[in-house]
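A.B. asks: I'll drop the sequence and a predicted model, then ask my questions.
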Amino acid sequence: MIVFCDSFGSRWWPQNVVDETGKLDRKRSKWFNTTGIPRGNSDHQWRQVWSHRGVIRVELGRFPWLNKESDLFRQSFFTDGVEDNEGQTRLLLKSISAPSVPIDAYLICVKSDEFGFIDRMDKRDWKAKNVRLIAASGGKHRLQEVLILVPEGGWILTDQGYWRLTVAPQTRRGGKPAYPFVTFEPTEDPALVG
């Protein structure tokens, strides 16, 4: 499965392993990403208050060029898809993919201050059947962050209405494929649209 990482959750943490000389052993070290909510009024400190446990896992040995989390944004990766692992959902990024390889799904972080609050307990479906939930966190004042894997055309429902994922292909100079422009756009009830 090819996943395009358009956005990630707010909370990152390393699992660093050092060798016998005290240097970072990149082959055994990992980064994790998940959802979070701000701690107090901070925009750089995050609490993980899971309502659905899940992580994105990045093994540094697979990506020698990786120096910071932002290097992963707007890249495509080969994955085995979403897995259930010891009571939590996991997406392991295995290797990078070229822009010319067709994308199966898009990793999107939905934040309540942008798209509205997702009521996952509502009797109506809050997402299309082909949208996969990876992680969700929530807190006071209906703050929420939800990490989902969405195929093109997939939709979600928030208290601000329905949102459908749209993908606009991009090209570089010379007509070579580039990574796409991905957005959630307001839409009508998918049951009415067909």
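C.D. replies: Everything's here; your move. Residues are numbered from 1 along each chain as shown.

A.B. asks: only C-alpha atoms for contact and neighbour calcs from this point on.
C.D. replies: Noted.

A.B. asks: could you measure from the residue most central in space within the chain over to residue 167?
C.D. replies: Closest to where the C-alpha atoms of the chain average out (Cα atoms, centre = their mean) is residue 107, at 3.7 Å. Per Cα to Cα, to the nearest Å, residue 107 is found 13 Å from residue 167.

A.B. asks: circling back: neighbouring strands - and their directions - for whichever strand or helix holds the residue nearest to the centre of the chain?
C.D. replies: Using DSSP states H and E, residue 107 sits in strand 105-111. Note on strand 105-111: by DSSP bridges, its sheet partners are strand 2-5 (parallel), strand 144-150 (antiparallel).

A.B. asks: next secondary structure after the last one?
C.D. replies: If I follow you right, that is strand 144-150. That would be, after strand 144-150 and using DSSP H and E, strand 155-158.

A.B. asks: can I get that next one as PDB, trimmed to CA atoms?
C.D. replies: The C-alpha coordinates for strand 155-158 follow below in PDB (Å, rounded to 0.1, in the frame of the first residue of the first chain):
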ATOM      1  CA  TRP A 155     -15.400  11.600   3.500                       C
ATOM      2  CA  ILE A 156     -15.800  12.400   7.200                       C
ATOM      3  CA  LEU A 157     -18.600  14.100   9.200                       C
ATOM      4  CA  THR A 158     -18.000  16.800  11.800                       C
END
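
A.B. asks: what's that strand packed up against?
C.D. replies: Applying 3 or more Cα pairs under 8 Å, 6 or more residues apart in numbering; DSSP states H and E, we find strand 155-158 packed against strand 161-171.

A.B. asks: who touches the strand it packs on?
C.D. replies: Contact partners of strand 161-171, identified using Cα atoms under 8 Å, 6 or more residues apart in numbering, comprise 150-157, 177-190.

A.B. asks: name the strands paired with it and say parallel or antiparallel.
C.D. replies: When DSSP bridges is applied, strand 161-171 pairs with strand 155-158 (antiparallel), strand 177-187 (antiparallel).

A.B. asks: let me see the ranges of the helices in the protein.
C.D. replies: Here the chain has its helices, by DSSP state H, at 112-115, 190-193.

A.B. asks: okay, those helices, which one's buried deepest?
C.D. replies: helix 112-115 (a mean of 14; mean count of other Cα atoms under 10 Å).

A.B. asks: ok, residue 140 to residue 66 distance?
C.D. replies: On the measure of Cα to Cα, residue 140 and residue 66 end up 35 Å apart.

A.B. asks: what do you get for residue 136?
C.D. replies: 26 Å.

A.B. asks: for the chain, give me the ranges with low pLDDT.
C.D. replies: 39-48, 123, 171, 173, 176-177, 192-194 (pLDDT under 70).

A.B. asks: hmm, try it at 80
C.D. replies: For the chain, the stretches with pLDDT under 80 are 38-48, 122-124, 139-141, 169-179, 189-194.

A.B. asks: contacts only, for the spatially closest residue to residue 53 that is not a sequence neighbour.
C.D. replies: Of all residues not flanking residue 53 in the chain, residue 88 sits nearest, at 4.9 Å (Cα to Cα, 6 or more residues apart in numbering). Residue 88 sits next to 52, 53, 54, 55 when contact means Cα under 8 Å, 6+ apart.
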